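Student: what would the 3D arrangement of this be:
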Amino acid sequence: MKEQELLLKEISLMLERQDMLSKLTESSCLDEYGYSETHCIDFIGRLELPNVTKVAEHMGMTRGAISKMTKKLLAKGLIEKYTLETNKKEVYFKLTDQGKLLFDEHAKRHRLWEKRDMEFLSKYRKEEVDVVYRFMKEFNGYLERQIEELS
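Tutor: Got it, this is the predicted structure:
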């Protein structure tokens, strides 16, 4: 039991330090936006014809949650709605100029984070990384099931 408690404490500490490091390295333009809002902007910027359903599927969130979030992003002037000439019923989103700035800053931060952490991981053998990967994949699956049960 002691080893499991130590492992959970290390996971918690890692998450706290990742969050702290993100705050120290990110541009101040992302400060006022939460994790979900930033990733919603990211998906709207990357998906083809992004709508509530597509964004919800990619983010693993409900359509209702994405609908609320997109209303906030619309009010903040980060995204705008549009429809296609062929289908006026379906509503899609696109980034405004301000939204594109946040999208680009998030992508830049992500590349820097990945480069930094890949340097750290490169000192481990493939077999060691495989064990940690399998653990994290299974643990994330477990957490996802817990979320589904509570939703």
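
Student: distance between whatever helix or strand E138 lives in and the chain's centre?
Tutor: When elements are defined using DSSP states H and E, E138 is found to belong to helix 126-150. Distance of helix 126-150 from its chain centroid, counting by C-alpha atoms, centre = their mean, to the nearest Å, is 17 Å.

Student: do stretch 110-128 as well
Tutor: Per C-alpha atoms, centre = their mean, the displacement of stretch 110-128 from the mean C-alpha position of its chain is 19 Å.

Student: kindly export it (C-alpha atoms) in PDB.
Tutor: Provided in PDB are the C-alpha atoms of stretch 110-128 (Å, rounded to 0.1, in the frame of the first residue of the first chain):
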ATOM      1  CA  HIS A 110       2.800  23.100 -27.000                       C
ATOM      2  CA  ARG A 111       5.900  22.700 -29.300                       C
ATOM      3  CA  LEU A 112       8.200  24.100 -26.600                       C
ATOM      4  CA  TRP A 113       6.700  21.800 -24.000                       C
ATOM      5  CA  GLU A 114       7.100  18.800 -26.200                       C
ATOM      6  CA  LYS A 115      10.700  19.600 -27.100                       C
ATOM      7  CA  ARG A 116      11.600  20.200 -23.500                       C
ATOM      8  CA  ASP A 117      10.000  17.000 -22.200                       C
ATOM      9  CA  MET A 118      11.200  14.800 -25.100                       C
ATOM     10  CA  GLU A 119      14.800  15.800 -24.100                       C
ATOM     11  CA  PHE A 120      14.000  14.400 -20.600                       C
ATOM     12  CA  LEU A 121      12.400  11.200 -21.900                       C
ATOM     13  CA  SER A 122      15.200  10.500 -24.300                       C
ATOM     14  CA  LYS A 123      17.400   9.300 -21.500                       C
ATOM     15  CA  TYR A 124      15.200   6.300 -20.900                       C
ATOM     16  CA  ARG A 125      15.200   3.000 -22.800                       C
ATOM     17  CA  LYS A 126      12.300   2.100 -25.000                       C
ATOM     18  CA  GLU A 127      11.200  -0.700 -22.600                       C
ATOM     19  CA  GLU A 128      11.100   1.700 -19.700                       C
END
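
Student: contacting residues around it?
Tutor: By C-beta atoms under 8 Å, 6 or more residues apart in numbering, the residues outside stretch 110-128 that reach it are S22, T25, V129. Yep, even glycine has a C-beta here, placed from its N, CA and C like the rest.
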